[in-house]
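> here are the coordinates; sequence isn't available:
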């Protein structure tokens, strides 16, 4: 047979030792199997009986790895035509029966989501994969300090009819939403596990599905249930998603879950395969303790590696990142007004990164969404079928005065402001911000903080809310844009809290209600943070503006004494989460000048950002809200 079949079997250079490899004159197989005999079974597509059975020779066995080289001439003896060979499927047969290739790149029989594998229809893998045209594919290579990650579930992202995509619940559905992602302003998407896993739970666990995918998987194969049934080319559809994201300037990060009993050689081969074959930009490795060993691999040297934590001594590089659950806990407590949280806020803003850039988030897959964070004090997981015993009891949430959905305008208004506070806080902090899909338009799971088995509207994004929550969506979009405009918020270097260059003020400094006098007493819930734009210069050497961020998470308003801006500058109001008339973000260069340059009244539970501008905007001076206007808007959380 000609080499055309070999051309169609695209193979990662990093995976040449195990599994099946197509070569010019035949195929080569390396299979790890601890048994006394092993056979290769070859099938015509859609046929149940094997058309060819070939035994591995024990003489070619190395350790527990069985090896075989099979020429196309030998395969032709089974009567396969060239077209049939290109669509042929295979599996293995050992002492105890048949089994699928752990290194299989795709599997037939897994096309229907929620349908259990049938004993009479064993999994088989294609001998060859269809060709794929990458074109001029280029990775965006966005630095972590400039990244904004959007975490989504491939199926749940577009299953709701309100998503208005043609290919709901698939890789193609995500592709159709790329314009939306670009409008929002994120730079990368992170996919929950999208490998070929068994979503149907074992008998005895009811009819629930493992919706999230944190279970055993065939890691080399994208999930067939996330593809169009007509085409059934999971590898091709996932590569299409990556290619189209790259064309739009978006990066793709995939989460790979391991159970912890896999050997490191196998895990490394999986990571390399996703980088070389699928062109992913990042990998979030979960279920593995010592992830740091992979950071030294040359194949992964330009790939973002995310983990729950990195060991000390890993060595700081620009591509390592760690999920920061401490940020979520501490900042949720700060937002709801708990005592003693100012030091935690300052730590997350000013800490140096020991080994990796922290990934900051206020909501993640496991836990409350951001809307539920401000709507529920308790979890509501009865629909999971575990009598509300599952899921954490420590959510650090506050319902703002009513549990769950309510028609009370005061509660709804406070929730909306708390969401604005949360998003603005997230995008003002150093590190890499991560948004859970749907949080940008107030998506809710009805208080379910562990929706691992909810393949239904509980977990599916309700896109109809986007049309009702345009104001929140616009605010989040503005938060992202504001962060991108100001390098002083994205500095990779840790602040020194000094002025080594002699610009007249430290790179970052903390303030209380009195300028230059921070108060970290536990009862305090107010702080000002001054960012010196001289320490954040762009590629052309132009300095950023100075920003003064004021946080007041107390239920009462307070005057803040303002530090002096740079000589010749005046303070202008850039952002306020309290605004009830007009925009929360002011147009760049048109920010209203403060009439009072010494004091600024901070309403209860609010955040404001001032920006230094050299030329005042005459006629656009802005007074701070009057005390009597905002005094009634704060509300103390129930203890």
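Okay, I see it. Small disclaimer: the values here were computed from a predicted structure and weren't measured.
> for the nearest residue to residue 212 once chain neighbours are set aside, helix, strand, or coil?
Excluding the flanking residues, the one nearest residue 212 by Cβ to Cβ, 6 or more residues apart in numbering is residue 452, at 4.8 Å. Where C-beta positions appear, they are placed from N, C-alpha and C, glycine not excepted. In terms of secondary structure, residue 452 is coil; the call rests on DSSP: H, G, I helix; E, B strand; the rest coil.
> and residue 452, how many neighbours does it have?
By the measure other Cβ atoms under 10 Å, the count of residues near residue 452 is 20.
> please apply the same query to residue 376.
25.
> what about it, which SS state?
The three-state label given to residue 376 by three-state DSSP is coil.
> quick check: it vs residue 407, distance?
16 Å (Cβ to Cβ, to the nearest Å).
> what segments of the stretch 501-639 of the chain are helices?
Taking DSSP state H, counting those that start in this stretch as the criterion, the stretch 501-639 of the chain carries its helices at 627-630.
> now the closest residue to residue 436 other than its chain neighbours. Its backbone dihedrals?
Excluding the flanking residues, the one nearest residue 436 by Cβ to Cβ, 6+ apart is residue 363, at 4.5 Å. According to degrees, to the nearest 10, the main-chain angles of residue 363 amount to phi -150, psi 140.
> residue 363 and residue 88: what is the separation?
Remark: distance between residue 363 and residue 88 (Cβ to Cβ) = 46 Å.
> for residue 24, same thing?
Residue 24 is 18 Å from residue 88, by Cβ to Cβ.
> got it, and residue 551?
Counting by Cβ to Cβ, the gap from residue 551 to residue 88 is 64 Å.
> quick one on the thing from earlier: now do the contacts for the residue nearest to residue 212.
210, 211, 212, 214, 384 (Cβ atoms under 8 Å, 6 or more residues apart in numbering).
> circling back to that earlier point, more crowded one of residue 363 and residue 88?
residue 363 (25 against 22).
> by contact count, what packs against whichever helix or strand residue 347 is part of?
Using DSSP states H and E, residue 347 sits within helix 342-350. Counting contacts by 3 or more Cβ pairs under 8 Å, 6 or more residues apart in numbering; DSSP states H and E, helix 342-350 packs against helix 325-335, strand 508-511, strand 526-531.
> one more pass at 7 Å, please.
With contacts taken as 3 or more Cβ pairs under 7 Å, 6 or more residues apart in numbering; DSSP states H and E, helix 342-350 sits against helix 325-335, strand 526-531.
> kindly state the domain boundaries assigned to this protein.
4-126, 146-323, 508-633 (automatic domain parsing).
> would you reformat these as CSV and include mean pLDDT and distance to residue 445?
What follows is the domains of the chain, written out as CSV (pLDDT from 0 to 100; distance: least, Cβ to Cβ, whole Å):
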stretch, mean pLDDT, distance to residue 445
domain 4-126, 84, 20
domain 146-323, 92, 10
domain 508-633, 89, 24
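> about what we covered before: tell me which of the helices and strands packed on helix 342-350 sits most buried.
By mean neighbour count, with neighbours taken as mean count of other Cβ atoms under 10 Å, strand 526-531 ranks first of these at a mean of 24.
> that strand pairs with which strands, parallel or anti?
Each strand paired with strand 526-531, and its direction, by DSSP bridges: strand 508-511 (antiparallel), strand 547-552 (antiparallel).
> out of these, which is closest to residue 81?
strand 547-552 (69.0 Å; Cβ to Cβ).
> rewinding a little: tell me the most buried of the strands paired with strand 526-531?
strand 547-552 (a mean of 23).
> ok, and what's touching that strand?
428, 486, 488, 526-531, 558, 560, 562-563, 571, 600, 602, 604-611 (Cβ atoms under 7 Å, 6 or more residues apart in numbering).
> all strands of the stretch 151-300 of the chain, in order?
188-191, 195-197, 217-222, 251-257, 282-286 (DSSP state E, counting those that start in this stretch).
> now mean neighbour count and distance to residue 390 too, for those strands, in TSV please.
Converted to TSV, these look like this (neighbours: other Cβ atoms under 10 Å; distance: least, Cβ to Cβ, whole Å):
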stretch	mean neighbour count	distance to residue 390
strand 188-191	24	24
strand 195-197	22	20
strand 217-222	24	22
strand 251-257	22	19
strand 282-286	21	19
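> re the thing from before, can you name the two of the contacts of residue 452 that are farthest apart?
214 and 384 (14.7 Å).
> which of the two has more neighbours?
Shown here are residue 214 and residue 384; by other Cβ under 10 Å, residue 384 has more neighbours (22 against 19).
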